Structures are given as structure tokens and as C-alpha cells.
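[1] Take a look and give me a structure for this.
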Amino acid sequence: MLNRLKGLPKPHIYKMIRSDEIRVNNKRCKAHDRVQREDVVRIAPVVLATREKPIISAEFAKSLLARIVYEDEGMLVLNKPSGIAVHGGSGLDFGVIEAMREVTGKNT
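    Numbers count the residues shown, from 1 in each chain. Take a look at the predicted model:
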């Protein structure tokens, strides 16, 4: 299941198994059960959340680039503005890391 539902957190898959949203041969299954070649697996519909790229204003992008203290091939040191999260998540659309990825075009 973990291979087929990439992007879905492991705890969510285990919750689906416990709440009978995943069945094998019309029977309840356990997390440790193995699927055989002729087994029929039914999975309840799963909706994966998708994130859109953050929209970074030109002024914010300039201010972030101006705050770079040091940069080389393997490291970037940034004087992070206060009040802005490092990572997006938990209700936040983006953080400094996502903004820097968007501004610099680097994904690492």
C-alpha cells in the first residue's frame, strides 16, 4: 500500500486499514497481511492534498536576496526576517525555505 499511495502519510494508511476502508477479498485486513497474486483489493477513494506554488512579491523577493549573508555550493546562510516561519505547513502557505526556492529557482 505504501508503494501505491505515495504522498499519503503512513499513519493515514494505517487509519484506513483500522477503519475498514481497505479490504482484501471483501474481508477486513490487518496491516501485516500480504497480498497474493489473485487477491482483490478495495481501497476507499483517497484525495491527496496538493499545494500551489507560493506567490512571492517582488519586494519580498528582493528583501530575501538582500538578507543572504553567505552562499556556496552546499550552504546558504540567511538573516531570516522575524515573524516569518521557516517552513510552510500547519495552516501556513509558505515559509522562508519555500520562498527562497521560488526566488532562486533552486529546489535543494
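
[2] And the contacts of the helix or strand of the chain at the bottom of the mean pLDDT ranking?
    Lowest on mean pLDDT, DSSP states H and E among the helices and strands of the chain sits helix 96-104, with a mean of 82. Identification of contacts with helix 96-104 by C-beta atoms under 8 Å, 6 or more residues apart in numbering yields 53-54, 56, 60-61, 64-65, 76, 78, 80-81, 84-88, 94, 106-107. To be clear about C-beta, it is placed using only N, CA and C from the backbone, and glycine gets the same treatment.

[3] repeat that with 7 Å
    Identification of contacts with helix 96-104 by C-beta atoms under 7 Å, 6 or more residues apart in numbering yields 53-54, 56, 61, 64-65, 78, 80, 84, 86-88, 107.

[4] How about stretch 59-66?
    Contacts for stretch 59-66 (C-beta under 7 Å, 6+ apart): 99, 100, 103.

[5] what's the closest of those to residue 69?
    The closest of those to residue 69 turns out to be residue 100 (C-beta to C-beta; 12.9 Å).

[6] The chain: helices as residue ranges?
    For the chain, applying DSSP state H gives helices covering 10-18, 58-66, 96-104.

[7] Could I get the buried residue list for the second one?
    Read it as helix 58-66. Within helix 58-66, the residues scored as buried using 16 or more other C-beta atoms under 10 Å are residue 64.

[8] swap in stretch 64-82?
    Buried-residue list, stretch 64-82, by 16+ other C-beta under 10 Å: 64, 78.

[9] From one end of it to the other, what's the distance?
    12 Å (C-alpha to C-alpha, to the nearest Å).

[10] List the contacts of residue 25.
    Contacts of residue 25 by C-beta under 7 Å, 6+ apart are 39, 40.

[11] Just the pLDDT for it.
    As predicted, residue 25 sits at a pLDDT of 94.

[12] domains of this structure?
    1-49, 58-104 (automatic domain parsing).

[13] Those: lowest mean pLDDT?
    Going by mean pLDDT, the lowest-scoring of the domains of the chain is domain 58-104, which has a mean of 84.

[14] picking that back up, quick one, the least confident helix or strand of the chain and helix 58-66 angle?
    100 degrees (axes from the mean of the first three to the mean of the last three C-alpha atoms, to 10 degrees).
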